[in-house]
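[1] next come a sequence and a model predicted from it.
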Amino acid sequence: MQEEKSTTVYTITRLVLRELRQERNVQQAQIGQLLGKSTSAWSKVETGDTALTLEHLLTACTAFQAWPSEVLTTTQ
């Protein structure tokens, strides 16, 4: 059985956030700290094991010094 790839807005947004994090040299641990959670908590958001929330998006954008609209425009 072939596994289908999901291309939802959430999936694409997570990919954009991961790429932006890597481009800006921000570690997962830094975002986890800002969220008051562990490094693995942010890793789970990036991999889709944990749902992406508005709080996650805003916190990541703060860490990346990026506007949420920038991320969402790229996602679109």
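    Arrived safely, thanks for sending.

[2] just the C-alphas of the lengthiest helix in the chain, formatted as PDB.
    Ordering each helix of the chain by length in residues (DSSP state H) puts helix 9-23 first. Provided in PDB are the C-alpha atoms of helix 9-23 (Å, rounded to 0.1, in the frame of the first residue of the first chain):
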ATOM      1  CA  VAL A   9      -1.700  24.400   4.900                       C
ATOM      2  CA  TYR A  10      -0.400  23.100   8.300                       C
ATOM      3  CA  THR A  11       2.100  20.700   6.700                       C
ATOM      4  CA  ILE A  12       3.400  23.400   4.400                       C
ATOM      5  CA  THR A  13       3.600  26.000   7.200                       C
ATOM      6  CA  ARG A  14       5.600  23.500   9.300                       C
ATOM      7  CA  LEU A  15       8.100  23.100   6.400                       C
ATOM      8  CA  VAL A  16       8.400  26.800   5.900                       C
ATOM      9  CA  LEU A  17       9.000  27.300   9.700                       C
ATOM     10  CA  ARG A  18      11.700  24.600   9.700                       C
ATOM     11  CA  GLU A  19      13.500  26.100   6.700                       C
ATOM     12  CA  LEU A  20      13.300  29.600   8.100                       C
ATOM     13  CA  ARG A  21      14.700  28.300  11.500                       C
ATOM     14  CA  GLN A  22      17.600  26.700   9.700                       C
ATOM     15  CA  GLU A  23      18.300  29.700   7.500                       C
END
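
[3] contact partners of that helix?
    If you take C-beta atoms under 8 Å, 6 or more residues apart in numbering as the criterion, helix 9-23 is touched by 28, 31, 45-48, 51-52, 57, 60, 63-64, 66, 71-72, 74-75. Placement of C-beta: from N, CA and C, glycine included.

[4] okay, now the unreliable bits of the protein?
    For the chain, the stretches with pLDDT under 70 are 1-6.

[5] now the strands for it?
    Remark: strands of the chain are absent; assignment by DSSP state E.

[6] gap between the residue nearest to Ile31 when sequence neighbours are not counted and Thr73?
    Distances taken as C-beta to C-beta, 6 or more residues apart in numbering put Trp42 closest to Ile31, at 4.5 Å, once the chain neighbours are dropped. Applying C-beta to C-beta, to the nearest Å, the value for Trp42 to Thr73 is 22 Å.
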